[in-house]
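Trainee: Let me see the structure of the following:
(one chain, ligands or ions: 1)
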Amino acid sequence: MPASLDLRFDRFYSYQELTRALEQLAAFAPDRVRRHSIGRSPEGRELWMLTVTDFTRGDPDRKPAYLIHGNLHAQELSGTTAALYVAHYLVTDDTPELQRLLGEVVFYIVPRINPDGAEYALTTGGAIRSRLVPVPARNAIRPADVNGDGLILRMRIRCEDGDQRPDRQDPRLMVPREPHDDEGPFYRVFTEGFIEDWDGGEPREASYHKDFNRNWGANWRPEHQQYGAGDFPFSEPEMRAVAEFVAAHPNIFGALGFHTGCNGVLRPPASRPDEELNDRDLAVLRELGRKGEQATGFKLRAVTQYRLDESRPNRLQGHFTDWAYEHLGIYPFEIELGMLYQSAGITTDQYFASKSDEERREFDRAILRWHDAHPEAGAFVDWQPFEHPQLGRVEIGGLRMNAFANPDPRELPGIAEGCTRFILEHAGRYPHLRIVGVRVDAVGSDIFRIRATVMNTGGFPTYIAETGRDVRANRSPMARLELGDGMEMLSREAGVELGHLGARSGKRDLEWFVKGRGTARLVASAVKAGTAAVEIPIGG
Ligand SMILES: [Zn+2]
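Mentor: This next block holds a predicted model:
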């Protein structure tokens, strides 16, 4: 066992570095963390998962489980770092509270759902949502590193009929041409790349960006209704791997996905108004979400409300939060860890309150000022002239999207610490079965009545959210009295369906009659609440 871990959380991880970091974690504490792969990406990268629990206590897959995922969107590399931070905390912290939690609960952590996209974003700095699919078309730009600097940025071409011009305050920034502006200089701006099937005409952007967070199997809509949806729910191999793992693990009672964007704590619903949600579920989502606000300092919003104040509510179809809430019957959250706007001093509220592109242009200027103060981060690459083999003289430069789409990585340890506290709060509410009030009374010669109460002392009911009552895999909790040799069950059934139990003190009283002496064992179990068992000496 290595003496220490030297993982850092103020940086982004390449696939190779991530693989090594997970290996290191697994080697550090094999009784607490194991690494395995839930599938493979189209480019052949493993989809790593960490299972974190106390492996010396109980079957991990029968414990209540908390799912954490990150970096489903390619550029949102901070999600991987934050997931690693949480894993590192769970693996290395030795407080009695955490030891107790890991005795009862298991964490499934997928730090990077989208390793192919993440590698593209990290190495090229190019724009990519989840997966970039070049669409063959006449004059289509195929994104590529044209000038050999390893990056895929933007190309600007000076021309009289250009629709963009350098910003008057910061000419590095390209802004739309204004009405009656005949002065120039004007440019057309494209993704850096080569032009396919070029007939000398106007190049056009023809890449399709698959969005894995529109590919979950809830309220999924086809492409023409929801950009990025993919061909069908879970059409993407990475997404299907997650879906298959989750389907095989109905013990998942809580989940959180890491994203980046203006910082915030996001809750369902994603595709319909709050009014259509169950009242109790809405209240729990708000109450838990406020814990998230306190822990992270980020404001809670429904996914529908994560938008500019003046725009209409979002209707995001095929979204993780809807899927987990409706199909697993749990309370899922997403945390938007922030982006470079926040590092440059612009709050989410300020951003969302902006009313025009002109106002938002000022935010982009702030990004460039931030870049000037922190050039080592390489967030912006100055426009450099280059002789494009097809287009002739162009200039190549612009923002590195992987830098722009994340907060300054140096802020990540602090941000991830708050997220970890929220996850512990959420996970700490796991439903928890206990067997109490065991009583054995002799009621005849060698005949005994056994009474006991099965309680849920956890913070969630055994069905979790109200939607969970109708989730088929979340079947009713059971109790079973197992008898030792020479004992006979007089009651009709050894096994009893308990029905779902409410939070904190939901209970069910049980009674059996048995004949004979010895030791019985009472076992109570629930899909999302694990197992409780007691030995009961009878007639001894
Ligand atoms: Zn995202």
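Trainee: Spatially nearest residue to Asp357 (excluding sequence neighbours)?
Mentor: Among residues not flanking Asp357 along the chain, Pro176 sits closest, at 7.3 Å (CB to CB, 6 or more residues apart in numbering). For every residue, glycine as well, the C-beta is placed using N, CA and C.
Trainee: Burial check on the one you found, number of neighbours?
Mentor: Burial of Pro176 is recorded as 12 neighbouring residues (other CB atoms under 10 Å).
Trainee: Just list the residues touching the closest residue to the ion within the stretch 251-400 of the chain, thanks.
Mentor: Nearest to the ion, among the residues of the stretch 251-400 of the chain, is His259, at 3.2 Å (CB to the ion). Each residue near His259 by CB atoms under 8 Å, 6 or more residues apart in numbering is listed here: Gly70, Leu72, His73, Glu76, Gly79, Asn213, Leu266, Glu334, Ile335, Glu336, Leu337.
Trainee: distance of Arg204 from Leu391?
Mentor: Separation of Arg204 from Leu391 (CB to CB, to the nearest Å) stands at 13 Å.
Trainee: Looking at those two, which one has more neighbours?
Mentor: Neighbour count, other CB under 10 Å: between Arg204 and Leu391, Leu391 has more, with 17 against 12.
Trainee: Would you check that that one makes contact with Ile195?
Mentor: Yes: using CB atoms under 8 Å, Leu391 is in contact with Ile195, at 7.4 Å.
Trainee: any shared contact partners between these two?
Mentor: Listed as contacting both Leu391 and Ile195 by CB under 8 Å, 6+ apart are Pro203.
Trainee: Near the ion, which residues of this protein are found?
Mentor: His73, Glu76, His259 (CB under 5 Å from the ion).
Trainee: So what's the predicted local confidence for the first one?
Mentor: In this prediction, His73 carries a pLDDT score of 98.
Trainee: Contacts only, for it.
Mentor: His73 makes contact with Gly79, Asn114, Gly117, Arg129, Ser130, Asp211, Phe212, Asn213, His259, Thr260 under the criterion CB under 8 Å, 6+ apart.
Trainee: now the third one: how far from Arg172?
Mentor: It refers to Gly117. 27 Å.
Trainee: Does whatever residue of the stretch 1-150 of the chain ends up closest to the ion lie in a helix or a strand, and which?
Mentor: Across the stretch 1-150 of the chain, the shortest distance to the ion (CB to the ion) belongs to His73, at 3.6 Å. Counting by DSSP states H and E, there is no helix or strand that carries His73.
Trainee: Now do the domain split for this structure, please.
Mentor: 15-120+211-339+416-427, 131-209+342-404, 433-538 (automatic domain parsing).
Trainee: what residue ranges in the stretch 151-300 of the chain are flagged as low confidence?
Mentor: Of all residues in the stretch 151-300 of the chain, none has pLDDT under 70.
Trainee: Can you show me the helices along it?
Mentor: Here the stretch 151-300 of the chain has its helices, by DSSP state H, counting those that start in this stretch, at 237-247, 279-296.
Trainee: Mind giving me the packing neighbours of the shortest one?
Mentor: In this case it means helix 237-247. Helices and strands touching helix 237-247, by 3 or more CB pairs under 8 Å, 6 or more residues apart in numbering; DSSP states H and E, are strand 33-40, strand 46-52.
Trainee: ok now that helix, how far from the chain's centre?
Mentor: Distance of helix 237-247 from the chain centroid (CA atoms, centre = their mean, to the nearest Å) equals 13 Å.
Trainee: For it, which residues meet the burial criterion?
Mentor: Glu238, Met239, Arg240, Ala241, Val242, Ala243, Phe245, Val246 (16 or more other CB atoms under 10 Å).
Trainee: Please name the nearest non-neighbouring residue to the fifth one.
Mentor: Spelled out, that is Val242. Nearest residue to Val242, sequence neighbours excluded (CB to CB, 6+ apart): Ile113, at 6.2 Å.
Trainee: what does the second one give?
Mentor: Taking CB to CB, 6+ apart, and ignoring the residues beside it in sequence, Met239 has Asn215 as its nearest neighbour in space, at 5.0 Å.
Trainee: Got the phi and psi for the one you found?
Mentor: Main-chain torsions, Asn215, degrees, to the nearest 10: phi -110, psi 0.
Trainee: one step back: show me which of Gly117 and Arg172 is the more surrounded one.
Mentor: Gly117 (27 against 18).
Trainee: ok, back up a step: which one of the domains of the chain has the most crowded surroundings?
Mentor: The highest average neighbour count among the domains of the chain, using mean count of other CB atoms under 10 Å, belongs to domain 15-120+211-339+416-427 at a mean of 21.
Trainee: gap between that domain and the chain center?
Mentor: For domain 15-120+211-339+416-427, the distance to the chain centre is 2 Å (CA atoms, centre = their mean).
Trainee: what's the answer for stretch 163-174, then?
Mentor: In terms of CA atoms, centre = their mean, the gap separating the centre of stretch 163-174 from the centre of its chain is 36 Å.
Trainee: Touching it from outside, list them.
Mentor: Applying CB under 8 Å, 6+ apart, the set of residues contacting stretch 163-174 is 154, 156, 175-178, 181, 184-189, 361, 364-365, 368, 380, 382-383, 397-398.
Trainee: still on that earlier bit, contacting residues for the residue nearest to Asp357?
Mentor: Asp163, Gln164, Arg165, Asp357.
Trainee: What distance do you get for it to Tyr463?
Mentor: 52 Å.
Trainee: likewise Ala405?
Mentor: Counting by CB to CB, the gap from Ala405 to Tyr463 is 37 Å.
Trainee: now do Tyr66
Mentor: Applying CB to CB, the value for Tyr66 to Tyr463 is 17 Å.
Trainee: now swap in Arg480 and tell me
Mentor: As judged by CB to CB, Arg480 and Tyr463 stand 20 Å apart.
Trainee: and if you look at Trp220?
Mentor: 25 Å.
Trainee: How about Gln75?
Mentor: Remark: distance between Gln75 and Tyr463 (CB to CB) = 37 Å.
Trainee: same deal with Leu98?
Mentor: 26 Å.
Trainee: circling back: for my notes, please list the helices and strands packed on helix 237-247 in a markdown table and give mean pLDDT and distance to Ala533 for each entry.
Mentor: A markdown table is the format used below for the helices and strands packed on helix 237-247 (pLDDT from 0 to 100; distance: least, CB to CB, whole Å):
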| stretch | mean pLDDT | distance to Ala533 |
| --- | --- | --- |
| strand 33-40 | 98 | 25 |
| strand 46-52 | 98 | 23 |
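Trainee: How about the residue in the stretch 351-500 of the chain that the ion sits nearest to, nearest residue that isn't a chain neighbour?
Mentor: Using CB to the ion, the single residue of the stretch 351-500 of the chain nearest to the ion is Ala405, 8.6 Å away. Nearest residue to Ala405 in three dimensions, chain neighbours excluded: Gln75, at 3.9 Å (CB to CB, 6+ apart).
Trainee: for the one you found, helix, strand, or coil?
Mentor: Using DSSP: H, G, I helix; E, B strand; the rest coil as the criterion, the local structure at Gln75 reads coil.
Trainee: hang on, it packs against Ala121?
Mentor: Yes: Gln75 lies in contact with Ala121 (CB under 8 Å); the separation is 4.3 Å.
Trainee: Give me the common contacts of the two.
Mentor: Contacts common to Gln75 and Ala121, judged by CB under 8 Å, 6+ apart, are Ile128, Met401, Asn402, Ala405.
Trainee: For the second one, give me phi and psi.
Mentor: When you say that, I think you mean Met401. Here is the backbone geometry of Met401 (degrees, to the nearest 10): phi -60, psi -30.
Trainee: who touches it in this structure?
Mentor: Neighbours of Met401 in contact, by CB under 8 Å, 6+ apart: Gln75, Ala121, Gly125, Gly126, Ala127, Ile128.
Trainee: just the first one next, same as before
Mentor: The neighbours of Ile128, taking CB under 8 Å, 6+ apart as the test, are Ala74, Gln75, Gly117, Tyr120, Ala121, His209, Met401.
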